[in-house]
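S.K.: here's my sequence, what's the structure:
(one chain, ligands or ions: 2)
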Amino acid sequence: MLSEWLDWTLEGAPTSHRQGPLPSGHYTLLAPGVLELTPFAPTENAQACVFSAAIHGNETAPVELIGDLLARIEAGVLPLGAPILVILGNLPALRAGQRFMTTNLNRLFQRGLSAAGHEPARARELMAQVDAFYARHAKQTPLHYDLHTAIRDSCYPRFVVEPHADTATEPRQWRWLAAADMQAVLHQREPSDTFSHYSKHYHGAQAFTFELGRVAPFGHNDLASLAPMLELLSALASGQAPAQAAPEQMAFFRVAHEIRRQAEDFHLCFADDTPNFTAFGPGTLLAKDGQQGDIRVLETPLHVVFPNADVEIGARAGLLVTSSAPPHNDNQ
Ligand SMILES: O=C(O)CCC(=O)N[C@@H](CCC(=O)O)C(=O)O
Ligand SMILES: [Zn+2]
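M.R.: Ligands and ions are numbered 1, 2, ... in the order given. Now for the predicted structure:
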């Protein structure tokens, strides 16, 4: 049944099975693309876990990864020990195999959002689902892993974005991420309206945006490289302590500047296939914008992440980031 849920969701088929049993709990279909898994009994270490994918519809590897996780739980190979909210974000875009239909869903997660249209309506629905899930499981620590893949290659193919919010990231998260074979961490210094920021800002969740390789169609993803990530999701789903590794094996970066597109006449001045985290030296011309003029690297070298000239006017067209020290290691 759970393994079919992904196919039904992709096909848009109505389902009469709104609730059903699992070997170690039960599932509830809360809305299209929103599934809750409830264990018979949460373990002592269980966290209230939100695992989201397809916030961008062409990012299929995370959907396949979640499919593997659900299959393990359904087969009884993995005992469920924590409440899990599984979300497939942008269903029409997932069916169409494109990033979004009208506007980027991952820029809309703000309370009081009043815009009309498919993506704003879905953002409101997903925020309400997350609010209700964390309220139902207030005894458990909130956690949200929002799973993506990147548009281009990367010097670090698997990395996380740590959203900016008052809640501090628990030191153990770095050890879990290192064991899950994440290769880099990018620390945001400004609030954003992404889904992971929403859970961190409004719910104090331990939250990250994961970039798990490069965008590819279903069946063309390198899931072998995501096996350690599947182990992390599995440990959290079973309410057990995840594997740990030294955070120092990851590269740490922080955002220094954002490139914003401010004019129709905007283009990036480096090759389209430039990988994420490529470094550019002082003085390098990065972009030309009809309003802002030339955008150059100033005095210190910067690495470019998520460059994308094809964004709406006013939107982020890239991040300029600098290397930073790993967080202090302690044993929390
Ligand atoms: O590869 C790209 O240019 C975009 C990949 C992607 O969708 N990234 C997320 C990051 C969200 C964040 O900054 O936390 C996004 O742009 O929404
Ligand atoms: Zn994405």
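S.K.: so where's the stretch 201-332 of the chain uncertain?
M.R.: Within the stretch 201-332 of the chain, the ranges that satisfy pLDDT under 70 run 329-332.
S.K.: would you map the helices across it?
M.R.: Counting by DSSP state H, counting those that start in this stretch, the stretch 201-332 of the chain has helices at residues 227-237.
S.K.: where do the domain boundaries of this structure fall?
M.R.: 2-249, 251-324 (automatic domain parsing).
S.K.: name the residue of the stretch 101-250 of the chain that lies nearest to ligand 2.
M.R.: Here the residue of the stretch 101-250 of the chain nearest ligand 2 is residue 148; by Cβ to the ion that distance is 3.3 Å. Where C-beta positions appear, they are placed from N, C-alpha and C, glycine not excepted.
S.K.: for that residue, give me the backbone phi and psi.
M.R.: With angles defined as degrees, to the nearest 10, residue 148 sits at phi -130, psi 170.
S.K.: just to revisit the earlier point, just name the most buried of the domains of the chain.
M.R.: domain 2-249 (a mean of 19; mean count of other Cβ atoms under 10 Å).
S.K.: next, the distance between the ends of that domain.
M.R.: End-to-end span of domain 2-249 (Cα to Cα, to the nearest Å): 36 Å.
S.K.: could you do stretch 28-37 as well?
M.R.: Where stretch 28-37 begins and where it ends lie 7 Å apart, using Cα to Cα.
S.K.: mean confidence for it?
M.R.: Averaged over stretch 28-37, pLDDT sits at 95.
S.K.: ligand 2 contacts on the stretch 1-150 of the chain?
M.R.: 56, 59, 148 (Cβ under 5 Å from the ion).
S.K.: the first one against residue 107, yeah?
M.R.: Right, the one you point to is residue 56. No - when contacts are counted by Cβ atoms under 8 Å, residue 56 is not listed as touching residue 107 (11.0 Å).
S.K.: so residue 26, which of the three states?
M.R.: strand (DSSP: H, G, I helix; E, B strand; the rest coil).
S.K.: now residue 133
M.R.: Under three-state DSSP, residue 133 comes out as helix.
S.K.: contacting residues around it?
M.R.: Counting by Cβ atoms under 8 Å, 6 or more residues apart in numbering, residue 133 makes contact with 36, 48, 50, 83, 85.
S.K.: what about the residue nearest the centre of the chain, helix or strand, and which?
M.R.: Nearest to the geometric centre of the chain sits residue 146, at 2.6 Å (Cα atoms, centre = their mean). Residue 146 belongs to strand 141-150 when assigned by DSSP states H and E.
S.K.: can you check residue 43 too?
M.R.: Assigned by DSSP H and E, residue 43 falls within no helix or strand.
S.K.: who's in contact with the nearest residue to it once chain neighbours are set aside?
M.R.: Leaving aside its sequence neighbours, residue 43 sits nearest to residue 239 (Cβ to Cβ, 6 or more residues apart in numbering; 3.2 Å). Applying Cβ under 8 Å, 6+ apart to residue 239 gives the contacts 39, 42-47, 80-82.
S.K.: who in the stretch 1-150 of the chain is up against ligand 1?
M.R.: By the rule Cβ under 6 Å from any ligand atom, the part of the stretch 1-150 of the chain lying against ligand 1 is 56, 106, 148, 150.
S.K.: quick revisit: which strands border whatever helix or strand comes next after the strand holding residue 146, and is each parallel or antiparallel?
M.R.: Later in the chain than strand 141-150, the nearest helix or strand by DSSP H and E is strand 158-162. The strands beside strand 158-162 in its sheet (DSSP bridges) come out as strand 184-187 (parallel), strand 206-214 (antiparallel).
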